[in-house]
Each structure stands twice: as structure tokens, then as C-alpha cells.
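Enquirer: Structure, please.
(one chain, ligands or ions: 1)
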Amino acid sequence: MTYLPSTIASGTTSLLTPRENMPATDHAVLTLSCPQRSGIVHSVSKFLFERGFDIVEHQQFDDPAAQRLYLRTAFVQREQSESVEDLVRDFAQVADEFSMDFNFHDGTKPKVLVMVSKMGHCLNDLIFRWTTGTLAADLVAVVSNHETLRPMAEAAGLTFIHIPVTAETKPEAEARLLETINDFDADLVVLARYMQIFSPELSAQLAGKAINIHHSFLPGFKGARPYHQAHKRGVKQIGATAHYITDDLDEGPIIEQEVIRVDHRLSPQELAMVGRDNEALALSKAVRLHVENRVMVDGLRTITFT
Ligand SMILES: Nc1nc2c(c(=O)[nH]1)N[C@@H](CN(C=O)c1ccc(C(=O)N[C@@H](CCC(=O)O)C(=O)O)cc1)CN2
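Expert: Presented below is the predicted three-dimensional model:
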């Protein structure tokens, strides 16, 4: 059994005790994966029921190739229940029996730090979803290697932090980024058309908590200028891909993708203009799936419980 770093709150009265000033959602979530065998779902539902919780949503994926079960269960308190620490301690016994990797998510809204360069359509979409209350997360700051999008961020009441990057200053810039992530206690970093490549060290430090939007239907057209690459190949569809950041450029586990039909009449610039809606939608969908704990990474791919 591996107990992965959890987002569990430090509350001691009940699972849904929110962090200070951070409104909780109305349920908690348990995610787990383990080798397939009989009795897993029964053991999870029995465990929760006996401790005063009711399941409100449940999905699972039995992977026949890997002979492994992936499970997401959302649950609410039916009656006064045990503390967070007791719940995790008690579940560890169940997890041991079934060799589970598991996470409890306490319903606290994750804090999201957004990174941008000069293109603002993805940031704009995330701000809209946040300010209209349709994103189960809180945007806490915007970091950019350019000043271009400061007005958009500050108009939404967000702190804007300019961290210029050159090949020579990248180590210092990344150190400052990590300090900023820690200062804002960010749970997730979203690269909303941020156009600088993370070092292997930074990619490793942000593994599983940094999402990028690539402006192509990966694995096609990785790297720089994907719309120019697509134009040269005369594609009939263009796409956008939201994926976790890894050191291998644009090869991280894919979370969400969008596509739209195009044809030979569109220039690379027109493809880029048409593609913006794909990018904003794919990124916002991926961020929603992540902050609702609906994404599980399985090697180079993800299992998503939509
Ligand atoms: N470690 C990673 N860092 C980043 C990734 C990633 O997958 N792994 N995705 C990029 C975003 N991106 C495409 O979506 C991308 C951004 C920039 C470039 C690029 O080649 N940029 C410059 C070089 C900049 C630099 O060296 O930092 C260039 O045009 O030459 C390609 C793809 C975000 N970071």
C-alpha cells in the first residue's frame, strides 16, 4: 500500500472541515487504484457506511490489460463521523489488505496559480469560470514572463507577478517561481499558453500538479509553431491538448482534447485564431477534471472520471 501525498485538510472535527477562509465543496472524494480482485468495492462502501458517510457518486475502471482497478468515490457525512486522521488511519488497514494506492480529498477548493506569456484567451476563460463560480477552485495569482496580461489579471483582482526569463536567467526565474507557488500555497499550476520550457528539475518538482495547454492534437505537431506545422500538412482538423507537464516536451499524460474542422483555405494565422476556442475549452475542462479529483495518472496516460 502506498499512501500518496494527500490534500486532506488538517481539520480534526470532521472530514469536511475547510481550511481557514477556504469554502469546502459539499462532499469529499476517495480515489484509489489497486490490483483487481473480488471485494474491493464492497470493502470501500462498507468502510464509509460504517463510519457515518453516504456515497453520492461512484465510478470505477477495471483495466483488463493491467488487471488493475481505478476507483473514484464521492461521499458526504450522514451523521457525526470520525476525524480526518482517524479515517485515514483506519482506511490504511483496508488499503493494506488490497495493496491500494489511495488519496482522500477533503472537499477544500484547490488554489490555482496561472502562468501566461502574451496570449490571453485561456486566462480570460479561466477568469470567467472562476468569477462566475463554475470552477471548483480559486485562482490565487498570475505569473508571466511578459507584462502584456497584467491589466487582464489585475482587472479580475488577481495578483500579477512578472518573472522575466532568458536562457541565462532561467535557473533564477524558476527558483522565484517555486517561491511564488509556495507563497500562495498553490495546489495546481496552470500553463495557459505559457511559452517557456520547464527544466527537468522544475518538471519533477511539479509532477502531477502542472497542467499545460498545447495548441495541437497531440501527439501530432509537438513543440513550437504547431499551427504552421499543421498548415504545411494540410490537415482537415486542428486540435488542442491539455496535459500534465513532464520533462519530455508535450509528452505528458493527456487529460483533455478538443478538435475543430478546418481546410486548405486557412492560413497558419487563421488556424491559430480558430484554434483559440479549442485551447480555452480543453484547458478549462482539464482544470475542472483535476480540481474535482476526476483524473488519475496511469503511466503515460490518464484515467478520467467525467
Ligand atoms: N518541461 C516542459 N515544459 C513545458 C512544456 C512541457 O510539455 N514540458 N510545455 C510547454 C508549452 N509549449 C507547448 O505547449 C511549448 C512552449 C515553448 C516551446 C519552445 O520551443 N519555446 C522556445 C524555447 C523557450 C525555452 O527554451 O524555454 C522556442 O520557441 O524556441 C515549445 C513548446 C511549456 N513548458
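Enquirer: drop to CA atoms for contacts and neighbour counts, all remaining ones
Expert: Noted.
Enquirer: Quick check: residue 284 touching residue 124?
Expert: No: the criterion here is Cα atoms under 8 Å, and residue 284 misses it with residue 124 at 10.5 Å.
Enquirer: higher neighbour count, these two?
Expert: Under the criterion of other Cα atoms under 10 Å, the comparison of residue 284 against residue 124 puts residue 284 first, with 22 against 17.
Enquirer: what about that one, helix or strand, and which?
Expert: Per DSSP states H and E: residue 284 is located in helix 268-291.
Enquirer: tell me which parts of the chain are close to the ligand?
Expert: Residues of the chain lying close to the ligand (Cα under 6 Å from any ligand atom) are 194-199, 203, 212-214, 223-224, 245-250.
Enquirer: Inside strands: which ones of those residues?
Expert: Residues from the residues of the chain next to the ligand lying in strands, with DSSP state E as the criterion: 212-214.
Enquirer: Show me which of those is closest to the ligand.
Expert: residue 214 (3.5 Å; Cα to the nearest ligand atom).
Enquirer: Give the bridge partners for the closest one, please.
Expert: residue 241 (DSSP bridges).
Enquirer: and it, what is it in contact with?
Expert: 193, 222, 240-243, 250, 279 (Cα atoms under 8 Å, 6 or more residues apart in numbering).
Enquirer: Please apply the same query to residue 239.
Expert: Applying Cα under 8 Å, 6+ apart, one finds that residue 239 lies in contact with 215-218, 257-260, 275, 278-279.
Enquirer: Name the SS class of the residue of the chain most remote from its centre, please.
Expert: Outermost residue of the chain with respect to the C-alpha centroid, by Cα atoms, centre = their mean, is residue 265; its distance is 35.6 Å. For residue 265, the assignment made with DSSP: H, G, I helix; E, B strand; the rest coil gives coil.
Enquirer: From the ligand, how far out is it?
Expert: Here residue 265 is placed at a distance of 25 Å from the ligand (Cα to the nearest ligand atom, to the nearest Å).
Enquirer: And the pLDDT for that residue?
Expert: You'll see residue 265 listed with a pLDDT of 97.
Enquirer: Quickly note the distance from it to residue 295.
Expert: Separation of residue 265 from residue 295 (Cα to Cα, to the nearest Å): 38 Å.
Enquirer: again with residue 219
Expert: 19 Å.
Enquirer: How about residue 296: what's its closest non-neighbour residue?
Expert: Distances taken as Cα to Cα, 6 or more residues apart in numbering place residue 303 nearest to residue 296, at 5.1 Å, with adjacent residues excluded.
Enquirer: is it true that that neighbour lies in a strand?
Expert: Yes: Residue 303 forms part of a strand when assessed by three-state DSSP.
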